[in-house]
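[1] The sequence isn't on hand, but the structure is:
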């Protein structure tokens, strides 16, 4: 459940910028002949509504109605009592609370009388209960998928998003670097420290995962408690700040002799992430760049970014190296290497436009 | 990581229920918010992305995950199920259902099933398995009760951390951060936590908004750590500084209401009976208006693999209370003289009544403030 800082600040996210984003979507809808769009949100699929309104639910779910003209309207299953809190952190549009938000918005659209084609973002994945409510209230209205139209409007990265991403990245970086490795450090203390530091700096969300012994297994797990750490381990901090999501991974080693290889890989990653070219496939760029890191062998990679309702969705990976990443406006890279025999994993924001 | 024996016991019980209902194949949806159906069937605690699981009557289970990170983790944490990383999850599940031929298929929870699957309800003759699973989720197995009992101390310890973290000038999210650091280090999978800071202007709890604690503030919280998938909840209120007479008097109403609510818990009563017992205390003090939906959502609720499961403790909910249900009784609401106050304890329904799990004293706590 979402339990980090959730507050709207007009200096950080100016209302005018949110309105510009809504207008951009409305223009795309008009061009596609879509009279209105419905966007789903819960705290897992929060990206689209958060991008347009600065709001994501900490619990329950809701749908945002964006008409082709005029202000959006948000309907949620969260209780009426929570309404004043929602409006204090959601500066865009009005709010209705109802156990049947689809029915409420469906009736509003029916009353408008000019809705012939309703788009739903990620129509296939839209919850059946809400879909039934909407379609029952809108007989004769054509329901289409709005995913491509939303993606068109979402391509742009504005200054606000850039600042929020930078802040999320700084929170994760600082949390991962706060860790002081000593002989008493165990898995629980390591992940607890990272999560605590990230949240104390205002992270809206912090998912901390660990690969406690990179020599044995490179997979990141939600482990905790008094488990021992291996000679080499890595922690992944997935951090959200005001709707902007990033991942960072830091590799740690107890032996000083491994530190040099890790530092070289960290430095390479920082340089690579800063120079990534979104107009070329990521796989070829990694391969080319790694020629400059002696003793390095690539073991896997993944490119993610906000896509539709998902704050971080995979858009390309070492299994699909030729996929272009342009369909997401922001890129978060995860890369795994062996450098001089030392397993290394890294992740971070890449090529922020 | 969760305990495999509980997972096996749950799977066996689910298979029995499917046989009783004539269901050959169950399709279950889950995400990190509504994760209980999925956790019951697969023992997997999902965090990112979405999942669908196909459970056959013989217990064999295939878990489809649309996030590669989750698929990695599930491969380790849920060894009893077949894990499939499925970037095109809906299409893959659709194909699997097509291969199931004339099987009798049920889905749960029906309202969250993705439209693409639900739209083929007639092709697949999909039935609604939500009620079947709701019954399993509400009335726990003995091994589930034992796990919940063993984990209950975590709610008390978490509240202890919260009290120590509450200091004048600190921001509400910093308190949450300290609790989370403690929980995360101690193996807590998840935590539902909301907070309220202030006086009469505070009408409820929400995620932290950056408010700083100041003398006289009421600081309320609902802490709900999740251990091996099971949520335990505690609600308490503290005052920054010495509580004043009005705060003390108001708190007495909540303490009496909680006592009355817990005393009403026993097998055979309804959820409404428990709510009525709590609300009567407020009515006796002329506070009847403040137990309506304008001021409070529920007077308690079920606990288990979901932080807010059925039954909801409300005067219009007629669900029968049975042994081995777990719930929180919390007469949380707004008080017109002091603001929003909370007080609640988690209980297990036993043959003789309620076994209270949380041990933190039912006090209006005080934290030094200048």
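    Okay, I see it. Treat the numbers as computed from the prediction; the structure is a model and nothing was measured.
[2] Going by C-alpha atoms from here, please, whenever you check contacts or count neighbours.
    OK.
[3] okay, the residue nearest to residue A:157 when sequence neighbours are not counted: pLDDT?
    Leaving aside its chain neighbours, residue A:157 sits nearest to residue A:329 (6.3 Å; criterion: Cα to Cα, 6 or more residues apart in numbering or on different chains). We have a pLDDT of 90 for residue A:329.
[4] my read: residue A:329 touches residue A:152, true?
    No - with contact defined as Cα atoms under 8 Å, residue A:329 and residue A:152 do not form a contacting pair (10.0 Å).
[5] more neighbours, the two?
    residue A:329 (18 against 14; other Cα atoms under 10 Å in any protein chain shown).
[6] Now for that one: which residues touch it?
    Shown in contact with residue A:329 (Cα atoms under 8 Å, 6 or more residues apart in numbering or on different chains): A:154-157, A:305-306.
[7] do the same with residue B:6
    Going by Cα under 8 Å, 6+ apart, the list of residues near residue B:6 reads B:143-144.
[8] quick one: the strands in the stretch 251-370 of chain B?
    Assigned by DSSP state E, counting those that start in this stretch, the strands in the stretch 251-370 of chain B fall at B:300-302, B:309-312, B:326-329, B:333-335, B:339-341, B:344-350, B:353-356, B:365-367.
[9] Quickly compare those strands and say which is most buried.
    Sort the strands of the stretch 251-370 of chain B by mean neighbour count, taking mean count of other Cα atoms under 10 Å in any protein chain shown, and strand B:326-329 sits at the top with a mean of 31.
[10] residues of stretch A:46-60 that come out buried?
    Across stretch A:46-60, burial judged by 16 or more other Cα atoms under 10 Å in any protein chain shown covers A:46-59.
[11] Just the ones of these in helices?
    A:47-53 (DSSP state H).
[12] ok, those vs chain B, which is closest?
    residue A:47 (12.1 Å; Cα to the nearest Cα).
[13] Kindly provide the distance from the closest one to residue A:210.
    Per Cα to Cα, to the nearest Å, residue A:47 is found 25 Å from residue A:210.
[14] can you pull out the helices in the chain?
    As the question left the chain open, I've gone with chain A. Counting by DSSP H, the helices of chain A are A:15-32, A:47-53, A:83-89, A:101-112, A:128-137, A:147-154, A:159-177, A:187-200, A:256-275, A:282-290.
[15] could you do chain B instead?
    B:4-21, B:36-42, B:68-77, B:89-99, B:115-118, B:121-124, B:130-138, B:142-151, B:153-165, B:172-185, B:245-264, B:271-284.
[16] Pipe those into JSON lines and attach mean pLDDT per row.
    Listed next are those as JSON lines, based on pLDDT from 0 to 100:
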{"stretch": "helix B:4-21", "mean pLDDT": "96"}
{"stretch": "helix B:36-42", "mean pLDDT": "97"}
{"stretch": "helix B:68-77", "mean pLDDT": "95"}
{"stretch": "helix B:89-99", "mean pLDDT": "97"}
{"stretch": "helix B:115-118", "mean pLDDT": "98"}
{"stretch": "helix B:121-124", "mean pLDDT": "93"}
{"stretch": "helix B:130-138", "mean pLDDT": "98"}
{"stretch": "helix B:142-151", "mean pLDDT": "96"}
{"stretch": "helix B:153-165", "mean pLDDT": "98"}
{"stretch": "helix B:172-185", "mean pLDDT": "98"}
{"stretch": "helix B:245-264", "mean pLDDT": "98"}
{"stretch": "helix B:271-284", "mean pLDDT": "98"}
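[17] do you know how far the residue in the stretch 151-300 of chain B that chain A sits nearest to is from residue A:221?
    Closest approach between the stretch 151-300 of chain B and chain A, counting by Cα to the nearest Cα: residue B:185, at 3.8 Å. Using Cα to Cα, residue B:185 is found at 14 Å from residue A:221.
[18] What of residue A:124?
    30 Å.
[19] same check, this time on residue A:281
    29 Å.
[20] Next: residue B:23.
    Counting by Cα to Cα - residue B:23 and residue A:221 are separated by 34 Å.
[21] got it, and residue B:205?
    From residue B:205 to residue A:221 the distance is 32 Å (Cα to Cα).
[22] returning to that earlier point: I'd like the buried residues of stretch A:46-60 as JSON lines, with distance to chain B appended.
    Putting these into JSON lines (distance: Cα to the nearest Cα, whole Å) gives the following:
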{"residue": "A:46", "distance to chain B": "11"}
{"residue": "A:47", "distance to chain B": "12"}
{"residue": "A:48", "distance to chain B": "15"}
{"residue": "A:49", "distance to chain B": "16"}
{"residue": "A:50", "distance to chain B": "16"}
{"residue": "A:51", "distance to chain B": "18"}
{"residue": "A:52", "distance to chain B": "20"}
{"residue": "A:53", "distance to chain B": "17"}
{"residue": "A:54", "distance to chain B": "14"}
{"residue": "A:55", "distance to chain B": "12"}
{"residue": "A:56", "distance to chain B": "11"}
{"residue": "A:57", "distance to chain B": "10"}
{"residue": "A:58", "distance to chain B": "7"}
{"residue": "A:59", "distance to chain B": "7"}
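[23] Most widely separated two among the residues you listed?
    A:52 and A:59 (18.7 Å; Cα to Cα).
[24] Next, the angle helix A:256-275 makes with the longest strand seen in chain A.
    The single longest strand within chain A, with elements called by DSSP state E, is strand A:296-307. Counting by axes from the mean of the first three to the mean of the last three Cα atoms, to 10 degrees, strand A:296-307 lies at 50 degrees to helix A:256-275.
[25] is chain B contacted by strand A:296-307?
    No - with Cα under 8 Å from any Cα of the partner chain as the criterion, chain B is not reached by strand A:296-307; the gap is at least 9.4 Å.
[26] So which elements touch that strand?
    Secondary-structure packing of strand A:296-307 (3 or more Cα pairs under 8 Å, 6 or more residues apart in numbering or on different chains; DSSP states H and E): strand A:310-317, strand A:331-339.
[27] Skipping its backbone neighbours, what lies nearest the most centrally placed residue in chain A in space?
    Closest residue to the average C-alpha location of chain A: residue A:311 at 2.3 Å, with Cα atoms, centre = their mean. Counting by Cα to Cα, 6+ apart, residue A:47 is the residue found nearest to residue A:311 once chain neighbours are left out, at 4.8 Å.
[28] swap in residue B:180?
    Looking at residue B:180 with Cα to Cα, 6+ apart, the closest residue is residue A:196, at 6.1 Å.
[29] pLDDT at that neighbour, what is it?
    Residue-level pLDDT assigned to residue A:196 equals 98.
[30] Pull the number of nearby residues for residue A:183.
    Neighbour count of residue A:183, defined by other Cα under 10 Å: 9.
[31] which one is the closest residue to chain A within the stretch 1-150 of chain B nearest to, not counting chain neighbours?
    Per Cα to the nearest Cα, the residue of the stretch 1-150 of chain B with the smallest distance to chain A is residue B:111, at 4.0 Å. Nearest residue to residue B:111 in three dimensions, chain neighbours excluded: residue A:129, at 4.0 Å (Cα to Cα, 6+ apart).
[32] Which residues are in contact with the one you found?
    Residue A:129 touches B:110-113, counting by Cα under 8 Å, 6+ apart.
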